[in-house]
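Undergrad: I'd like to go over a predicted model; first the sequence, then the structure.
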Amino acid sequence: MLVRRLLVPVDLSARSAHALAYACELAAASAAEVDVLYVIPGPGQLRSAVDGYLGRPLPHAAAGDVARARHDLERIVQSVPHHGITPHVLVHSGDAAAVIVRTAAEAPDDLIVMSTRG
C-alpha cells in the first residue's frame, strides 16, 4: 500500500510529539503529506441534545480557545524535525475519537499515527 497522507492526532504531550516526529520521518521517506490534528473538547452530550431539541445552534469552542489551541499545536509542530515536509495543522472541537474518525474519512488519510497515551 502506498502511503500518501498521514493523520497525526496529538494531545500536546511529549508522547504525541514523538509520534509526530516519527510520522514526519515516515512521510519524508514516502513523499507523503502529514495532517496534525488537535481536538478541543466539545460541549457535553446533554447540552448538545438540549440545544438541538430547542433549535439552538450547536455550541462550538470559543474563538479564544481555538486560537490558543492552534498556537500550542504550532509550537509542538515546530519542536520536531520535519525532514523536508510541511505538516498541515488542524484544530477541531468535539469528541476526540469521533473527530479523529471523521477527519480520517473526510481527508483521504492512508495511515493514522498516534501515541498510545498522553
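TA: In hand now; what should we look at?
Undergrad: which ones are touching the closest residue to residue 65 other than its chain neighbours?
TA: Spatial nearest neighbour of residue 65, chain neighbours left out: residue 40 (5.8 Å); criterion: CB to CB, 6 or more residues apart in numbering. (Each C-beta comes from the backbone N, C-alpha and C, glycine too.) Under the criterion of CB atoms under 8 Å, 6 or more residues apart in numbering, the contact partners of residue 40 comprise 61, 65-66, 69, 91-94.
Undergrad: try 10 Å
TA: 60-62, 65-66, 68-70, 91-94, 96, 99 (CB atoms under 10 Å, 6 or more residues apart in numbering).
Undergrad: my read: residue 99 touches residue 92, true?
TA: Yes - contact criterion CB atoms under 10 Å: residue 99 and residue 92 qualify, at 4.9 Å.
Undergrad: joint contacts of the two?
TA: 37-40, 42.
Undergrad: Just to be sure, residue 102 is in a strand?
TA: No - read with DSSP: H, G, I helix; E, B strand; the rest coil, residue 102 is helix and lies in no strand.
Undergrad: Pull the number of nearby residues for it.
TA: 13 (other CB atoms under 10 Å).
Undergrad: Look up how far residue 21 lies from it.
TA: 25 Å (CB to CB, to the nearest Å).
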